[in-house]
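Quick one: sequence and predicted model below, then my questions.
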Amino acid sequence: MSLNKIILAASAAIAISGQVFAQELKFASFTPPFHTINASVIEKLNTDLSAATNGSLTVRGYHGGELGAGPAEQYVRVLQGAADMSWGLPGYTSSQFGKTMIAELPGAIPEDMPGYEALWRAYDKHLSREFPGTKPVALWTSEPNIFIMRNKVIRTPADLAGLKIRVAGTTAAEVAKALGATPVQMPASQIYNAMQTGLIDGVITGASTLKDFKLDEVADAMTLGAPLGRLTFYSVLSSRVYDGLSADQKAAVDAASGLSLSKSAEDAWMKTAIAALEAARADSANTVVELTDTEKEAFAKAVSGVIQSYVKSVDGAETLSALKGK
């Protein structure tokens with residue numbers, strides 16, 4: 001079923017039921033309660049909304065896929081009314097988020113620029129149409145991607161030849177192919193078993209996954225510094241639910257979301273990543289490679305064509321400029 005049909009069907013169901021707002025917003029999460037998303041987004045929203053509305057509007061997290069299994073279905077879950085809110089990765093349904101995915105390309109967002117600021121700067125004019133039926137409450141990026149490997153140490157693009165590398169979406173898949181690897185798309189929740197069983201040799205993702213998805217238990221080599229881009233994330237609220245709120249509740253949602261909530265999420269991702277890398281370095285069983293400038297350049301040269309090719313394929317030149325702040 002298309003997104004437009006899902007939106008229309010859900011709207012009809014809401015109208016028939018007479019439901020005008022949800023006092024307790026159901027937030028669907030495919031990850032366990034210890035994941036970084038819980039404190040930085042779900043619990044923060046609950047605290048802020050409850051305080052601003054004297055408890056008339058709250059948020060409750062449903063973790064580990066309690067409202068429905070499947071990380072890739074998080075967005076649709078909100079459209080269908082199974083949840084009022086959710087979070088996810090555009091990369092899991094890359095075709096829906098063609099221009100949003102530009103933010104994941106190496107160099108699309110300067111390294112010294114917060115990803116959430118870049119995404120919101122591009123949102124109204126370039127990205128908003130990719131979020132039908134919802135009100136994004138947070139948009140943010142991860143820490144820079146690294147290689148997280150098992151039984152393989154990566155120092156040059158040649159080291160990746162023939163290896164099976166998990167990626168989150170189409171842009172990272174193109175990067176992996178440009179480096180000579182075979183990309184395998186799967187949700188982060190499946191990486192642990194895939195790496196443990198040898199289905200994949202490693203993953204392109206942020207270091208925060210070493211903690212949030214316990215990849216430190218199955219990985220033994222990390223390579224830092226290659227230009228591999230970042231991951232993007234969203235948290236959305238059903239437009240129907242938002243429209244049914246009182247004026248005061250809407251104002252509370254508006255105040256609690258946007259740049260401030262996005263910053264909370266991105267800062268938390270960075271904090272988790274730093275702690276995870278410190279732990280990885282302290283483990284003598286791990287090999288942690290920090291590339292030299294010369295070694296970084298070899299990777300940059302290998303992936304340079306991917307950026308121009310992808311941006312052209314989605315007519316995204318103006319979006320890329322907006323992300324860069326130009």
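Perfect, thanks for sending it. What you see is a predicted model, and the numbers here were worked out from it, not measured in a lab. Residues are numbered from 1 along each chain as shown.

Now do the same for Lys26: helix, strand or coil?
strand (DSSP: H, G, I helix; E, B strand; the rest coil).

Return the residues in contact with Ala188.
71, 89, 168, 205, 209, 212-213 (CB atoms under 8 Å, 6 or more residues apart in numbering). The C-beta positions use only the backbone N, C-alpha and C, and glycine is treated the same way.

Run through the strands of the stretch 1-150 of the chain in chain order.
With DSSP state E, counting those that start in this stretch as the criterion, the stretch 1-150 of the chain has strands at 24-28, 58-62, 85-88, 134-141, 146-149.

Let me have the ones you listed in a markdown table, extended by mean neighbour count, distance to Val175 and mean pLDDT.
Output for those, formatted as a markdown table (neighbours: other CB atoms under 10 Å; distance: least, CB to CB, whole Å; pLDDT from 0 to 100):
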| stretch | mean neighbour count | distance to Val175 | mean pLDDT |
| --- | --- | --- | --- |
| strand 24-28 | 21 | 29 | 98 |
| strand 58-62 | 18 | 33 | 98 |
| strand 85-88 | 27 | 21 | 98 |
| strand 134-141 | 25 | 15 | 98 |
| strand 146-149 | 28 | 11 | 98 |
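
Minimum distance to Val288: which of these has it?
Checking the strands of the stretch 1-150 of the chain against Val288 by CB to CB gives strand 146-149 as the closest, at 9.5 Å.

Identify all contacting residues around the closest one.
Against strand 146-149 from outside (CB under 8 Å, 6+ apart): 154, 165, 201-207, 209-210, 215, 219-226, 228.

Name the residues that touch the helix or strand that it is followed by?
Per DSSP states H and E, the first helix or strand lying C-terminal to strand 146-149 is strand 164-167. Contacts to strand 164-167, defined as CB under 8 Å, 6+ apart, come from residues 91, 147, 173, 175-176, 181-186, 191, 194-195, 199-205.

Swap in 7 Å and give it another go.
173, 176, 181-186, 191, 194, 200-204 (CB atoms under 7 Å, 6 or more residues apart in numbering).

nearest to Ala28, of these?
Closest to Ala28, out of all of these and judged by CB to CB, is Met186, at 19.5 Å.

Next up, the contacts around Leu231.
Shown in contact with Leu231 (CB under 7 Å, 6+ apart): 89, 91, 104, 141-142, 145, 168, 205-206.

Kindly export the top helix by length along the chain (C-alpha atoms) in CSV.
When the chain is parsed with DSSP state H, its longest helix is helix 259-282. The C-alpha coordinates for helix 259-282 follow below in CSV (Å, rounded to 0.1, in the frame of the first residue of the first chain):
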residue,chain,number,x,y,z
LEU,A,259,16.4,22.2,17.0
SER,A,260,16.5,21.7,20.8
LEU,A,261,15.3,18.1,20.7
SER,A,262,17.5,17.4,17.7
LYS,A,263,20.5,18.7,19.5
SER,A,264,19.7,16.6,22.6
ALA,A,265,19.7,13.5,20.3
GLU,A,266,22.8,14.3,18.4
ASP,A,267,24.8,15.3,21.5
ALA,A,268,23.7,12.0,23.1
TRP,A,269,24.9,10.0,20.1
MET,A,270,28.3,11.7,20.2
LYS,A,271,28.6,11.1,23.9
THR,A,272,27.8,7.4,23.5
ALA,A,273,30.2,7.1,20.6
ILE,A,274,33.1,8.7,22.6
ALA,A,275,32.5,6.4,25.5
ALA,A,276,32.3,3.3,23.2
LEU,A,277,35.6,4.2,21.5
GLU,A,278,37.3,4.7,24.8
ALA,A,279,36.2,1.2,25.9
ALA,A,280,37.3,-0.3,22.5
ARG,A,281,40.7,1.2,22.8
ALA,A,282,41.1,-0.1,26.3
